[in-house]
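Chemist: Here is a sequence together with a model predicted from it:
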Amino acid sequence: THVRNFKKIVYKNLYKHIDLVFYAGLDQLKYDIIVHPGANPADVQIQYLDGELALNPEQGSARLNHSSGFIQEAQPLTYQMAESGKVIIPSQYKINKAGNLTFDIGHYTPNVPLVIDPQLEWGSYYGGNNTEQTRGISANNPDEIYITGFSRSIENIATSSTHQGTNQGDFDAFLAKFDA
């Protein structure tokens with residue numbers, strides 16, 4: 001169906017002189033925040049519209065608890081490139097007065113691009129082009145999660161050619177497996 005795909009997507013100037021880059025990592029979708037010279041990393045704010053945001057200072061991680069699950073971000077890897085290679089910059093998450101997730105960045109060289117590489121540990125999306133409702137979730141080990149429910153979608157709900165192309169009622173059932 002002529003769907004284009006990309007290895008990397010760059011949102012230039014998401015904030016002034018700050019880019020957001022999505023790319024395919026080894027086994028997951030990754031994103032980096034590129035802070036160019038003249039930019040302020042404190043301008044970066046991640047706003048979650050629902051849920052409870054909490055920090056784990058011992059691990060440097062952040063976790064959003066939500067009614068449909070959670071998103072876990074491990075301590076960000078922040079660095080600058082030098083002739084000798086990557087120079088690691090101390091960093092951690094913090095929550096600002098507005099309740100948004102931001103970054104506390106240690107000393108860095110402001111005239112060299114700074115890369116903030118958040119480490120998403122868990123997050124997922126599942127759904128099609130209409131209405132889905134999850135009715136159950138189970139894990140048989142730390143690496144496999146199953147969800148079941150019902151859907152009105154006929155697109156993006158399963159791998160192509162593995163399901164019927166029309167609904168056989170108002171809603172049809174689904175069972176999905178996610179591997180870590």
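Modeler: Received, thanks. Numbers count the residues shown, from 1 in each chain.

Chemist: Tell me the gap between stretch 98-109 and the middle of its chain.
Modeler: The chain centre lies 18 Å from the centre of stretch 98-109; the measure is C-alpha atoms, centre = their mean, to the nearest Å.

Chemist: hmm, who's touching that stretch?
Modeler: For stretch 98-109, contacts defined as C-beta atoms under 8 Å, 6 or more residues apart in numbering pick out 41-42, 44-48, 53, 62, 73, 76, 78, 80, 89-96, 114, 116. The way it works is simple: take the backbone N, C-alpha and C, and place the C-beta from them, glycine included.

Chemist: Which of those fall within helices?
Modeler: Per DSSP state H, helices hold no members of the contacts of stretch 98-109.

Chemist: Can you list the low-confidence ranges for this protein?
Modeler: The chain contains residues with pLDDT under 70 at 1-5, 25-28, 67-69, 121-129, 139, 141-143, 145, 154-169, 178-180.

Chemist: quick one on the thing from earlier: mark which of the contacts of stretch 98-109 are buried, thanks.
Modeler: Burial by neighbour count, judged by 16 or more other C-beta atoms under 10 Å, picks out 41, 44, 53, 62, 73, 76, 78, 80, 89, 91-93, 114, 116 from these.

Chemist: Which two among the residues you listed are spaced furthest apart?
Modeler: By the measure C-beta to C-beta, L53 and Q80 form the most distant pair in these, at 27.6 Å.

Chemist: on that earlier part again, and the contacts of stretch 98-109, which of them are in strands?
Modeler: The strands, defined by DSSP state E, take in 53, 62, 73, 76, 78, 80, 89, 91-95, 114, 116 from the contacts of stretch 98-109.

Chemist: which of these lies closest to I9?
Modeler: Proximity of the ones in strands among the contacts of stretch 98-109 to I9 (C-beta to C-beta) peaks at I116, which lies at 16.9 Å.

Chemist: Which residues are in contact with the closest residue to that closest one other than its chain neighbours?
Modeler: Sequence neighbours aside, I33 is the residue nearest to I116 in space, at 4.1 Å (criterion: C-beta to C-beta, 6 or more residues apart in numbering). Going by C-beta under 8 Å, 6+ apart, I33 touches 18-21, 41, 44, 115-118.

Chemist: is it possible to export the residues you listed to TSV including distance to S84?
Modeler: As requested, the contacts of I33 are exported to TSV (distance: C-beta to C-beta, whole Å):
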residue	distance to S84
I18	25
D19	24
L20	27
V21	23
P41	22
V44	27
V115	16
I116	20
D117	19
P118	24
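
Chemist: from those, which is closest to I9?
Modeler: The nearest member of the contacts of I33 to I9, counting by C-beta to C-beta, is V21 at 7.2 Å.

Chemist: what's the neighbour count on that closest one?
Modeler: Residues lying near V21 (other C-beta atoms under 10 Å) number 17.

Chemist: Please consider this matter closed, and thank you.
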